[in-house]
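Asker: Kindly return the folded structure for what I paste below:
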Amino acid sequence: MRSYLRDLIHAARSLAKDRGFTLVCVISLGIGMGGLVALATFTRMITAPARVVDTNGVVELLVLPLGPLRAKAGEWAIERWSYPDYQALREADLGMAVTGWALETIETGEPMPGEAAPPRTSALYVSTNYFSTFGVPLALGAGFEPAIDDTPSAAPRVIVSHDFWKSRMSADPAIVGKPLKVDGVAHTVVGVAPDDFRGHFHFFQAPSSLVFLPLERHPRLRERPALREDRTMDWVRMHGRLNEDVDLSRANAMVTVVVTSLAQQHPATNEHKAATVEPYAAMGAAGRPESRRVTSVILGLAGTVLVIVCLNISGMMLVRGANRERELSIRAALGASRRSLILHLFFEAVLLAFAGGALSAFVLFGIPAVGGWYMGAPVPPEIDLDATGVAIATGLCLLVSVLFGLLPAVRFSRPNLISAMKENTGGGARHTIRVHRVAAMVQIGTAIPFLVMSGVMLDRVRTAEFGFVTEGLAAARLPAPATSEQDPGFAIRRVRDNIQQAAGVRSVAVAGGMPIDFDSRLFRVAAMSEERFVTAHLTRVGENFLETIGATLLRGRTITAEDRIMAEPVAVISEPLATLLFPSTEPIGERVKVTMAEGREEEFTVVGVTADFATSQLTTERPQILLPLPDLSADALATSRTAAPSVFLIARGAPGDEPKLEAALEKELRDLGVKPQPGVAFAGIVTGQDMVEKSLGDLVSESIAVAVAGGIVLILAALGIVGVVGFMVATRTREIAVRMALGSSRLRVFRLMLSGIVTLAIPGVVGGLLLASVLIRTMEDVMGTPLTVGSTPLGFMEPVVYAGASAIAVAAALLAGLPAARRATSVQPMVAMRSE
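Answerer: Below you'll find the predicted structure:
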């Protein structure tokens, strides 16, 4: 035991003496293993189930679209079912308990002091077996009675989430049995959900406050009882819990029988619908293929990081072994056994592993903790690192250090005594360094595409095309009208007319959205004579919309006030959409069909074509369709309240009039009961300059994120170069001494070392540039982030980006090799020759 302790202390002293070697190895292990565990944690985060949910046996029922329906949906699976299809599946013997649900937005409680309407809250309309299906016990109360599913006229009941109970009901322990107003109707509270349960959704998608209501009391069913038999509208989602004696394949078979029967009974609506039963996923089973793609990319990156770290550690150990070969030979000549030499080197590897593990644990613990402290919120458990994560990081460091660090050491623990004593150190390992030279080149080549793509993405700031005039533009998102409002449209028209009369206002428009509003409204559109659907951004707009935002109308006319009441629905489409739908014909007068929400299909006549302009974000696809904004009557809101549509009031003035527009909009928002937050700009108001700054700021942030990934790879590559150049110096000590003895200056030796570094980096740079050139021409996005914006190509910027990436890579290589190059210039010829 004493000998082990002595070896451990000696190893610690040896590492402390060689601080450069120790620092490089620890940083390599810390960054590499920290990044590896972080990627694994991110994978765990996106696949984590909802909190509190017992996922054992939980499944999701999805529609499999076939034929024309597949082209219309544009997805491999559809999450929504019609209400009668849901009833048929719920009542069938499927070997599972089926529950249906629909997420909406409602008003709850009484208006807050100074507010005109009660606060709006997310509401989950569910079957009465929802909580049992997901294995969630209530914290208080008995919950819904099963009879409610079959009794639409049952007395109103509600279950509140734990957050709602604490924030809105003062955590009243006797809340069960007390009333709560929902959309102005008194409901009896029959339960409180457990703490941390926000529905079966993923934590990052779950609403912070939630109430649960019986599906039978959904506003659609109450306002339109005919929906109970309407198979054309899909709006109910379904999950289930398999019985103990039923597996997934059997459940699929039983569901297929029922869905096939429905297709035979109702061919008009169900002919092209099949079904599948998929394991539960918190982010939705329909998104599993995309999650797998992201997970595969992440695992590939993690594997790349692991390989780089292994090569770096092996290279550094190779350098250290080469430098110490004479020392190990002397030890062996004095009687040290091979076992004692390996044990000494083993303890060095162990110490490096624990130091690297400590650094990675500090990074993995520290960054989330600092972020949580800065944001004033606890770190979510989905991304928090636990003891298991620390153990994995330390274990990986130990494995990499011992396995890939000890292998070169094992080789040097059996030195050729004669050659080691007579020749320059490391002569027998020169062929080994070739592998590490190639590895360093590959690492540099791997970093280059990240740097190039970062530069390409940064160039989007130059090529960004908004397509509308941002100067002199201001807009405000109006609060959702209260359900008690007799004529919500009247209030909006009154606000519009007031803004129109304000000083500096040239035109005003009301719309359900606007450019750069970060609200994705994607729908499937096709020409009437075609079954080829494309995805387009849909916006409901009022009169003067194009004029107000400053977009160009190329042909035809715009949406007018009369279009709201016209018998023939009309649409205005953008040039990109017109090119996709009507590549060889004039689109004016043609008819298009749009798959609306819930699967409904509506037809429109094209009356105008606009120039290309930005949609919800500057980087999103540009095809879009504009439809007339419907009259916001009380009846319209009652039948479409599930969407609680956003309404924007957009005002146009002269450039420089933005302050006047903001003041006018702020006054109207105050009259509507919207209150400003202390210390921040008035909520809901944005100007054209705000849109530009936010959009371009996002472009820069995305570019920086990709550059950081490339920077990490480049840092790891630089650490690998440290080992390669260090070995180069160690194996050429005698050559350098001879050169200096024959008259070579220190500057000449220094330049010789630097040229060797450049020679090492150039092949990797060239290979990386070739790979980057291929990638930017074949990839449309990087993990969902588009590489370009608009139609402007890179042009003259492409060689500039290539040159910049190459310069950064070569500079990093030179900086990494600089210490070893300076060490080469300090070789004393007489001392080096005498030691040989």
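Asker: Give the other helices and strands that the helix of greatest length in the chain contacts.
Answerer: Criterion DSSP state H: the longest helix present in the chain is helix 688-731. Contacts defined by 3 or more CB pairs under 8 Å, 6 or more residues apart in numbering; DSSP states H and E place helix 688-731 against helix 19-47, helix 288-323, helix 430-458, helix 460-463, strand 473-478, helix 746-778, helix 797-825. Where C-beta positions appear, they are placed from N, C-alpha and C, glycine not excepted.
Asker: let's go with 7 Å and repeat that
Answerer: helix 19-47, helix 288-323, helix 430-458, helix 460-463, helix 746-778, helix 797-825 (3 or more CB pairs under 7 Å, 6 or more residues apart in numbering; DSSP states H and E).
Asker: Downstream of the second one, the next helix or strand is which one?
Answerer: Think helix 288-323. helix 325-333 (DSSP states H and E).
Asker: Can you show me the CA trace of that following helix as PDB?
Answerer: In PDB, the C-alpha atoms belonging to helix 325-333 read as follows (Å, rounded to 0.1, in the frame of the first residue of the first chain):
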ATOM      1  CA  GLU A 325      12.300   7.400 -22.800                       C
ATOM      2  CA  ARG A 326      15.800   8.000 -21.600                       C
ATOM      3  CA  GLU A 327      14.600   8.400 -18.100                       C
ATOM      4  CA  LEU A 328      12.600   5.200 -18.300                       C
ATOM      5  CA  SER A 329      15.600   3.400 -19.800                       C
ATOM      6  CA  ILE A 330      17.800   4.500 -16.900                       C
ATOM      7  CA  ARG A 331      15.200   3.300 -14.400                       C
ATOM      8  CA  ALA A 332      15.000  -0.100 -16.100                       C
ATOM      9  CA  ALA A 333      18.800  -0.300 -16.200                       C
END
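Asker: Tell me the gap between it and the middle of its chain.
Answerer: Averaging C-alpha coordinates over helix 325-333 and over its chain gives two centres that are 54 Å apart (CA atoms, centre = their mean, to the nearest Å).
Asker: tell me the angle of it relative to helix 688-731?
Answerer: Helix 325-333 and helix 688-731 meet at an angle of 50 degrees, taking axes from the mean of the first three to the mean of the last three CA atoms, to 10 degrees as the criterion.
Asker: Now do helix 325-333: which elements does it pack against?
Answerer: So helix 325-333, by 3+ CB pairs under 7 Å, 6+ apart, packs with helix 338-375, helix 417-422.
Asker: Could you pull up the mean pLDDT of it?
Answerer: The average pLDDT for helix 325-333 rounds to 70.
Asker: same question, stretch 453-467
Answerer: In this model, stretch 453-467 has a mean pLDDT of 81.
Asker: Next: stretch 726-741.
Answerer: Taken as a whole, stretch 726-741 has a mean pLDDT of 74.
Asker: hmm, back to that, single out the most deeply packed of the helices and strands packed on helix 325-333.
Answerer: Greatest average neighbour count among the helices and strands packed on helix 325-333 goes to helix 338-375 (a mean of 18), per mean count of other CB atoms under 10 Å.
Asker: That one - contacts with which helices or strands?
Answerer: For helix 338-375, the contact count by 3+ CB pairs under 7 Å, 6+ apart identifies helix 2-17, helix 19-47, helix 325-333, helix 387-412 as packing neighbours.
Asker: Export these as TSV, with columns for mean neighbour count.
Answerer: Formatted as TSV, the helices and strands packed on helix 338-375 follow (neighbours: other CB atoms under 10 Å):
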stretch	mean neighbour count
helix 2-17	13
helix 19-47	21
helix 325-333	18
helix 387-412	19
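Asker: These: which one's closest to Val508?
Answerer: Between Val508 and the helices and strands packed on helix 338-375, the shortest separation by CB to CB is 42.9 Å, and it involves helix 19-47.
Asker: can you give me the angle that closest one makes with helix 288-323?
Answerer: When the same axes, to 10 degrees is applied, the directions of helix 19-47 and helix 288-323 differ by 170 degrees.
Asker: can you give me how far helix 19-47 is from the chain middle?
Answerer: Relative to its chain's centre, helix 19-47 lies at 21 Å (CA atoms, centre = their mean).
Asker: after it comes which helix or strand?
Answerer: Remark: after helix 19-47, the chain's next helix or strand is strand 58-65, criterion DSSP H and E.
Asker: With just CA atoms, put that next one into CSV.
Answerer: Presented in CSV, the C-alpha positions along strand 58-65 are these (Å, rounded to 0.1, in the frame of the first residue of the first chain):
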residue,chain,number,x,y,z
VAL,A,58,-48.9,4.8,-22.4
VAL,A,59,-49.4,5.2,-26.2
GLU,A,60,-50.6,7.8,-28.7
LEU,A,61,-53.1,7.1,-31.5
LEU,A,62,-52.2,8.7,-34.8
VAL,A,63,-53.9,9.0,-38.2
LEU,A,64,-51.8,7.6,-41.1
PRO,A,65,-52.8,9.6,-44.2
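Asker: helices and strands of the chain: which one bottoms out on pLDDT?
Answerer: helix 634-640 (a mean of 43; mean pLDDT, DSSP states H and E).
Asker: Alright, calling it a day.
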